[in-house]
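Engineer: Turn this into a model:
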Amino acid sequence: MDFGKAFTYVFEDKDWIKKLAIGAALALTVIGMIPVLGWGLEAARRVHRGEPGLPEWADFGDLILDGLKLFAIMFVWMIPLWLIVGCPAGIVGAVAGSADRPSDAIQTVSALVQVCGGLIGSVYGLVVGVLMPAAAGHLAVTGELGQAINPATAFKLVRANFGTYVMVWLVSGIAAGVLSFAGVLLCGIGVFVAAAYHSLIFGHLVGQAYRQSEGALTAPPAAA
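Structural biologist: So this is what the prediction gives:
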């Protein structure tokens, strides 16, 4: 994995300013983040094929479709967390809010629900964070939403290249935090440039990781 390349390859494209500006303008509209997500998947697809340069803002319909597919994976994978954590917290909160002075028992249950919910949410978020690049890579390369949205597909890829996907999660997460902070400092408008730039970083990392996982899955078993 060439992690540094994921940050620098953007500037090797002669039209990088124009392409990044288009991505930032789309991110500014919020709903435009859908094609920006698709743009990141197209970047992953290009890296997997070994093609240089940034994706063009052509075939806009395909970018929107890819973005919707990736968003669908994120949405579906978060449903269990909402059911396991959000519903109990909402019920306990409603019971506590309906009482003028919640009893000690209700307050204790509420505190336990919050603590347990925080722990479950942290663990679940970590698992999803590691699996998501694998799912995104499979979606980018094959276009198969049904397989990409199946966690078993991502588990198989991550198991074949666990350390790489953990690093992708870490590097991508740190990059997102640093870029967002830098964007806020730049009068806030830089946040949208950061979002477009991060989609390209994520795409490059995803393309590299998926290519490595393919190699690991197809490699012949070591001789005893």
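
Engineer: Name the single longest helix found in the chain.
Structural biologist: Longest helix in the chain, counting residues (DSSP state H): helix 104-142.

Engineer: Can you list the residue ranges for helices in the chain?
Structural biologist: 3-8, 16-28, 33-49, 60-81, 87-98, 104-142, 145-148, 151-160, 162-185, 190-218.

Engineer: Would you format those helices as a markdown table with mean neighbour count included?
Structural biologist: All C-beta spots, glycine's among them, are computed from the backbone N, C-alpha and C. As requested, the helices of the chain are exported to a markdown table (neighbours: other CB atoms under 10 Å):
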| stretch | mean neighbour count |
| --- | --- |
| helix 3-8 | 15 |
| helix 16-28 | 18 |
| helix 33-49 | 24 |
| helix 60-81 | 16 |
| helix 87-98 | 13 |
| helix 104-142 | 17 |
| helix 145-148 | 16 |
| helix 151-160 | 18 |
| helix 162-185 | 16 |
| helix 190-218 | 22 |
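
Engineer: Worst mean pLDDT among those helices?
Structural biologist: With a mean of 63, helix 87-98 has the lowest mean pLDDT of these.

Engineer: sorry, back to before: okay, angle between the longest helix of the chain and helix 190-218 too, please.
Structural biologist: 70 degrees (axes from the mean of the first three to the mean of the last three CA atoms, to 10 degrees).

Engineer: Just name whatever secondary elements helix 104-142 is in contact with.
Structural biologist: helix 33-49, helix 60-81, helix 87-98, helix 145-148, helix 151-160, helix 162-185, helix 190-218 (3 or more CB pairs under 8 Å, 6 or more residues apart in numbering; DSSP states H and E).

Engineer: so which of the ones you listed gets nearest Ala27?
Structural biologist: Closest to Ala27 of the helices and strands packed on helix 104-142 is helix 190-218 (CB to CB; 4.1 Å).

Engineer: by contact count, what packs against that closest one?
Structural biologist: helix 3-8, helix 16-28, helix 33-49, helix 104-142, helix 151-160, helix 162-185.

Engineer: how many other residues sit next to Gly50?
Structural biologist: Look at Gly50: counted by other CB atoms under 10 Å, it has 8 neighbours.

Engineer: so how far is Leu112 from the residue lying closest to Gly203 once chain neighbours are set aside?
Structural biologist: Nearest residue to Gly203 in three dimensions, chain neighbours excluded: Ala43, at 3.1 Å (CB to CB, 6 or more residues apart in numbering). Using CB to CB, to the nearest Å, Ala43 is found at 44 Å from Leu112.

Engineer: Then Val85?
Structural biologist: 13 Å.

Engineer: Let's have the helices and strands packed on helix 104-142 in JSON lines, adding distance to Gly137.
Structural biologist: Converted to JSON lines, these look like this (distance: least, CB to CB, whole Å):
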{"stretch": "helix 33-49", "distance to Gly137": "6"}
{"stretch": "helix 60-81", "distance to Gly137": "11"}
{"stretch": "helix 87-98", "distance to Gly137": "32"}
{"stretch": "helix 145-148", "distance to Gly137": "9"}
{"stretch": "helix 151-160", "distance to Gly137": "7"}
{"stretch": "helix 162-185", "distance to Gly137": "9"}
{"stretch": "helix 190-218", "distance to Gly137": "3"}
